[in-house]
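Visitor: Give the three-dimensional model of this entry:
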Amino acid sequence: MHKKHGFGLVGILLIVVVIGVVGFAGWYVVISKNSKQNNSIEVVSKSNNAEPAIEANTSTENSNNTESISETNDNFKNSNIKQEYLDIVEWGVRIPLSSEIRGAYYKVNDSFEQSASNPTSLTIYSEETDGLIGSGGVSCKDEYIAFLIRFPSNDSYWQSDDTDADLFRPTIDIDGFSFGASTIKQYGPPCFAKNPNSDKYETDHATEEKFDVLVSIFMSDFRKLSSIDQ
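Guide: Got it, this is the predicted structure:
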């Protein structure tokens, strides 16, 4: 009976030892796992803390990009600011332009025998009138707004009764030359027609009025003609 009792004690001790070893092993595993989780949390925390800095940099970059785009747009706008003067270099004169007609430009008339470098007549157009479209769907592009001429002030053209000089009066005298402008049209512009395909010409008065307003503004500006060197 004594031997059996002894064996029972040894068995109990072995069981306690095994339980202790298993418990220690379990404790060690739990501690190790918690340590890894803490490290992982710390890394994530650091990563999360770093994100605002990245966002801040992105925000700054976006801000810089926005400023760059804004500056580019401003430069683009500035590069397309229309002229304040219409300089007629062949004649050495300029016309100050109102804001409504700053797209004015001219062409040397090739339908007359004249020098291209020293012409006696020019035709005036404008981007503003070019952009008008009548109710009949026809554009007013290439429809002139004025016809300019220049002759020496003592030229017989101005004194002869056989010329159309009166159409260009009053004239402006600069450096021995007289300059005149006329806006008379001896035809009905296609863009003023309500129905361009009709045999009967009916005027689209709304388009005509818009065109005439721009013509009047240019003619008012023409009265301020001056020398480029002035």
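
Visitor: residues contacting Pro96?
Guide: Glu84, Tyr85, Asp221, Lys224, Ser226 (CB atoms under 8 Å, 6 or more residues apart in numbering). The C-beta positions use only the backbone N, C-alpha and C, and glycine is treated the same way.

Visitor: Which members of the residues you listed are classed as buried?
Guide: Tyr85, Asp221 (16 or more other CB atoms under 10 Å).

Visitor: The contacts of Pro96 in helices, which ones?
Guide: Asp221 (DSSP state H).

Visitor: okay, the contacts of Pro96 in CSV with distance to Gly103 and pLDDT next?
Guide: Below are the contacts of Pro96 laid out as CSV (distance: CB to CB, whole Å; pLDDT from 0 to 100):
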residue, distance to Gly103, pLDDT
Glu84, 12, 94
Tyr85, 13, 96
Asp221, 13, 98
Lys224, 18, 97
Ser226, 20, 97
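
Visitor: From the contacts of Pro96, pick the one nearest Thr123.
Guide: Among these, Asp221 lies closest to Thr123 (CB to CB), at 16.2 Å.

Visitor: That closest one against Ser99, yeah?
Guide: No. Using CB atoms under 8 Å, Asp221 is not in contact with Ser99, being 10.6 Å away.

Visitor: Which residues are in contact with each of these two?
Guide: By CB under 8 Å, 6+ apart, no residue touches both Asp221 and Ser99.

Visitor: in the protein, which spans are helices?
Guide: So, for the chain - with DSSP H - the helices run 2-79, 127-130, 156-159, 205-222.

Visitor: buried set for the third one?
Guide: Read that as helix 156-159. Buried, per 16+ other CB under 10 Å, within helix 156-159: Tyr157, Trp158.

Visitor: The second one too?
Guide: Judged by neighbour count using 16+ other CB under 10 Å, the buried positions of helix 127-130 are Glu128, Thr129, Asp130.

Visitor: Can you give me the domain boundaries for the chain?
Guide: Per the record, the chain has its domains at 1-81, 85-227, by automatic domain parsing.

Visitor: lowest-confidence stretch among those domains?
Guide: Among the domains of the chain, domain 1-81 carries the lowest mean pLDDT, at a mean of 46.

Visitor: residues contacting Ile88?
Guide: By CB under 8 Å, 6+ apart, the neighbours of Ile88 are Arg94, Ile95, Tyr106, Leu122, Leu148.
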